[in-house]
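[1] Quick one: sequence plus predicted model below, questions after.
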Amino acid sequence: MTSLKETMKFWGHYQEHGHCWAPVLVQDEHPLARAQEIAAAEAEAARAASVRRDIVPRDGSSRRMLMGLAAGLTTPEGKPRALPMEFVDPIPCKESPAVRGAAVHHGSPDEYRWIDRAMSRLYRANRMRALIVREEYAGARGSQKKKAAAVSAVYGAELTVWQYRKELEKGLAFLEASRP
């Protein structure tokens, strides 16, 4: 039987690196069809450019102006003002890249599920201890001083290294008592 600290290190590894890239199937994504589509679009664009040279830019200014009017934005002179670009979601179009995959967390293996359940109980009983245990085994690498500062930032209270170590011991004692 392995020690609790070794078990927690493995659990922390799965919490930190338990994500894998799950491909999402994109319909009608044949390379030849996409190449033909691009060639046809380029040919159409070249024809349109040769017919008329005054192509309207697609910067979304008309849409942003409409949204600015709806929001009631005006200049000091009283003229309508466009909504800034950072407040407008982009409209997806044919040239927008398709999502090819997503990171999926598969969770802990079955032999570490008891830790997930115990951590949930610990979080309900004492939030700071649960944050300390999670930071120690699944958080960023570094000294306990840095980890204590990270927990302090999340918890919202000052935490010394001594307090961090004492709360870590108590959290590990809680997990040891919850061990099957």
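    Looks like it arrived, so ask away.
[2] So residue 82 belongs to a helix, correct?
    No: secondary structure assignment (DSSP: H, G, I helix; E, B strand; the rest coil) places residue 82 in coil, not in a helix.
[3] Just confirm it contacts residue 74, I think it does.
    No: the criterion here is Cβ atoms under 8 Å, and residue 82 misses it with residue 74 at 11.0 Å. Where you see a C-beta, it was placed from the backbone N, CA and C, and this is true even at glycine.
[4] the more surrounded of these two?
    residue 82 (17 against 12; other Cβ atoms under 10 Å).
[5] Quick check: phi and psi on the more buried one?
    phi -80, psi 150 (degrees, to the nearest 10).
[6] now residue 74
    Residue 74 adopts backbone torsions of phi -140, psi 160, taken as degrees, to the nearest 10.
[7] For it, list each beta-bridge partner.
    For residue 74, the beta-bridge partners are residue 80 (DSSP bridges).
[8] domain ranges for the protein?
    Listed by automatic domain parsing, the domain ranges of the chain are 4-18+108-178, 31-98.
[9] Which stretch among the ones you listed is buried most, on average?
    Ranked by mean neighbour count, the domains of the chain are led by domain 4-18+108-178 with a mean of 16 (mean count of other Cβ atoms under 10 Å).
[10] For the chain, just list every one of the strands.
    All strands of the chain, identified by DSSP state E, fall at 19-23, 101-105.
[11] which one of these has the lowest average pLDDT?
    Looking at the strands of the chain, the lowest mean pLDDT belongs to strand 19-23 (a mean of 53).
[12] Now the weakest link among the domains of the chain, please, by mean pLDDT.
    domain 31-98 (a mean of 72).
[13] Okay, helices next: where are they in the chain?
    Using DSSP state H, the helices of the chain run over residues 4-17, 31-51, 61-71, 113-125, 127-138, 144-155, 161-178.
[14] which residues sit in contact with the closest residue to residue 125 other than its chain neighbours?
    Nearest residue to residue 125 in three dimensions, chain neighbours excluded: residue 174, at 7.4 Å (Cβ to Cβ, 6 or more residues apart in numbering). Contacts here follow Cβ atoms under 8 Å, 6 or more residues apart in numbering; on that basis residue 174 touches 118, 121-122, 125-126, 129.
[15] No further questions, thank you.
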